[in-house]
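Enquirer: quick one, fold the following:
(2 chains)
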Amino acid sequence: MTDRPESGGAGARMAELGRRMARLTARMASSDARAVEIATTPKNTIWREGKITLARYRPVTDPRLGPLVIVHGLIGRQTVTDLEPGRSLVERLLAAGVDTYVVDWGNPTRADRFLDFTDYADIFLGEILAEVARASGAARAALFGICQGGVFALCHAALHPGRLKGLALAVTPVDFHADTADPDPGHGHLNLWTRNLDPALIARMIDDWGNLPGELTGAVFQNLAPARTVAKYGADLIDIAEDDAALATFLRMEKWLADRPDHPGAAAHDWLVGLYAENRLVKGSFVVGGRAVRLGDIACPVLNIYGVRDHIIPPPCSTALGAHLRNVAYREVAVPTGHIGVFVSRAAQAIVPPAVIGWLGGLDGGAGSAHTDG
Amino acid sequence: MSDGGGAEGDLFRLWLEGARAFADAGPAAGAAWPRAEAMHKAWTRFAEAFAAAHADRAAGPGASPLDPAGWLRPEGQGGMADLWRWFEGPELADILREERTAIRATREWIAFSAALEQFRAVVAEGWMRAFKGFVERLSADLAAAREAKRPDPDWHAMTALWREVADAEMARTHRSAAFLAAQRDLIEAQIAVRQTLRARIDRLAGFLGLPTRAELDDLHETVHALRRELRALRRGAGSGPDRGPEGDP
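Expert: This is a model prediction of the structure:
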């Protein structure tokens, strides 16, 4: 961040503003969109099923922890875990010797409209874990689910209690109605808006769209904090106009945000009706693969990371998990950021990677006692 | 000209006379003009009588068939409400099918436009409150700075203030009953428009022999079910690439 004059006349301030805007204009005009790269940590694709791929990151030191499989949801992309050097969970995991894998759900099209939670949370994750077992030689892996990917991972862990070594979650909703316990009026609008709609209307909307377009979900997110969205392209951008590194990070974040795949319709029905509207996961009536998901059946240690200022997944929606687990080691890590900040903020770099690495290190040593960090 | 039957009777008689005159056309063509003049007067009388009758039945906004306020009120009396009800009544097999569909689509589009405007109005009111709150806060901050002989807030502080005030106000707006109702109505209206439009496009596609969306969905659903069955069979065989990890049944 560059210096700002603390005092001075209006003329001086206007001159500074003009200088920054000129600099910003020149910088943006000279930027090549293709040169803005994210998720550049080297990896090899080891499995492919239609549009879905599983990649294994190339180790930078002898693997001593893991295997760990990163699973993002269908809203947004897994690339957020590897935004740029210095803001990359993946980079830190590899440096610590974690055998790391990442799932890319690809770009669903109309042909994928009927893929639902059974496909993603049960079938595909089962196949992916089998492939990881083959590639790593380890009988069991740990899953690291992010947001909706965390719900996939939770469902899988509950349906197959013996399959996982551990379950790490980040910004993952569990109790979709617990937003009412969040005192911040800026949090939980997605929850409120979805509850405001009759489930039959949501079902008609999804049926009408087929898949939920990425543009639609992007527009909804933009409107959660509209002034912040607008300020991002105004005051915030001017603020970093003379900081090349900050501007590069900004452009990488924009690239990540712009990459919003369409969400398969059947999975969207499970997500919006079964979970957001009817809150079936904590009621034990969310059915995946023909069986009800019972969170109490999870039998591996659980690490739950959440953003204290997360307005998309309010903290109480995530922390509700602890009350539904039985006899497993459970640890919470509170990160003083918002939803995406858990991965890309400076503050999070000092909290999240060490927490995941420390937790992985403890898995082979047996279950620890339940406690809360942060 | 009129000897009973009211304005409608006049019209019917004139129509009959006109039809006869057309059939007897030729030497008597000169009689066409007086008949046309009489027809015009009868139409005028009919329109006045129609408007007067409906004004008696339902006073207030939307009562007149020419008042747009009544176009979306099927629950009302008279005006377009009668027309909407007629088009929503029993469907006839051989006549007016396309017309009914077109009129329904028009009505749904009008309803969608109204819902969109209502949604925009609720959001715009939120922004107006945010702006008012920002001006009040900024005025207070400026006054306090001058009182304390401090410099005025710079643009950075002002934009931070705007963001804080506006996001707080929009959060209140987004939680308001008016916003929630407008959002719900907008989604319902949008779905109605899209479904009717799609049905019309599907009919056209069917007419041209092109696959409809419903047919493609059927195909995709079938492929999805078959792939699942294939996976289950491979898992059952225990040798496929998608068997579970070790230790899992």
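Enquirer: is A:P63 part of a helix or strand, or is it coil?
Expert: State at A:P63, reduced to three classes by DSSP: H, G, I helix; E, B strand; the rest coil: coil.
Enquirer: ok, now which ones touch the nearest residue to A:L54 once chain neighbours are set aside?
Expert: Spatial nearest neighbour of A:L54, excluding adjacent residues (Cβ to Cβ, 6 or more residues apart in numbering or on different chains): A:W47 at 4.0 Å. For every residue, glycine as well, the C-beta is placed using N, CA and C. Residues in contact with A:W47, defined by Cβ atoms under 8 Å, 6 or more residues apart in numbering or on different chains, are A:T53, A:L54, A:E127, A:I128, A:E131.
Enquirer: where does A:W47 sit, in terms of helix or strand?
Expert: Assigned by DSSP states H and E, A:W47 belongs to strand A:43-49.
Enquirer: average pLDDT for that strand?
Expert: The average pLDDT within strand A:43-49 is 96.
Enquirer: which positions within it qualify as buried?
Expert: Buried positions in strand A:43-49, judged by neighbour count with 16 or more other Cβ atoms under 10 Å in any protein chain shown: A:K43, A:W47, A:E49.
Enquirer: list the helices and strands whatever helix or strand comes next after that strand packs on?
Expert: As assigned by DSSP H and E, the chain's next helix or strand after strand A:43-49 is strand A:52-57. Strand A:52-57 makes packing contacts with strand A:43-49, helix A:89-95, strand A:98-104, helix A:125-136 when contacts are defined by 3 or more Cβ pairs under 8 Å, 6 or more residues apart in numbering or on different chains; DSSP states H and E.
Enquirer: ok, whichever helix or strand comes after strand A:52-57: who's next to it in the sheet?
Expert: Tracing the chain C-terminally past strand A:52-57 and defining elements by DSSP H and E, one meets strand A:65-71 next. Looking at strand A:65-71 with DSSP bridges, its partner strands are strand A:98-104 (parallel), strand A:141-146 (parallel).
Enquirer: let me know which of those strands is tucked in deepest.
Expert: The highest mean neighbour count among the strands paired with strand A:65-71, using mean count of other Cβ atoms under 10 Å in any protein chain shown, belongs to strand A:141-146: a mean of 28.
Enquirer: near chain B at all, whichever helix or strand comes after that one?
Expert: Using DSSP H and E, the next helix or strand after strand A:141-146 towards the C-terminus is helix A:148-159. No - applying Cβ under 8 Å from any Cβ of the partner chain, one finds helix A:148-159 separated from chain B by no less than 10.2 Å.
Enquirer: helix A:148-159 versus strand A:65-71: what angle between them?
Expert: Orientation check (axes from the mean of the first three to the mean of the last three Cα atoms, to 10 degrees): helix A:148-159 against strand A:65-71 gives 120 degrees.
Enquirer: the helix or strand that contains A:P353: how far from the chain's middle?
Expert: Per DSSP H and E, A:P353 falls inside helix A:352-363. Taking Cα atoms, centre = their mean, to the nearest Å, one finds helix A:352-363 lying 18 Å from the centre of the chain it belongs to.
Enquirer: helices and strands of chain B: which one bottoms out on pLDDT?
Expert: Sorting the helices and strands of chain B by mean pLDDT, DSSP states H and E puts helix B:79-88 at the bottom, at a mean of 65.
Enquirer: what residues are up against the residue positioned nearest the centre of chain A?
Expert: Closest to where the C-alpha atoms of chain A average out (Cα atoms, centre = their mean) is A:I146, at 3.7 Å. The contact partners of A:I146, taken as Cβ under 8 Å, 6+ apart, are A:I70, A:V71, A:H72, A:G73, A:Q78, A:V80, A:T81, A:L169, A:A170, A:V171, A:T172, A:F343.
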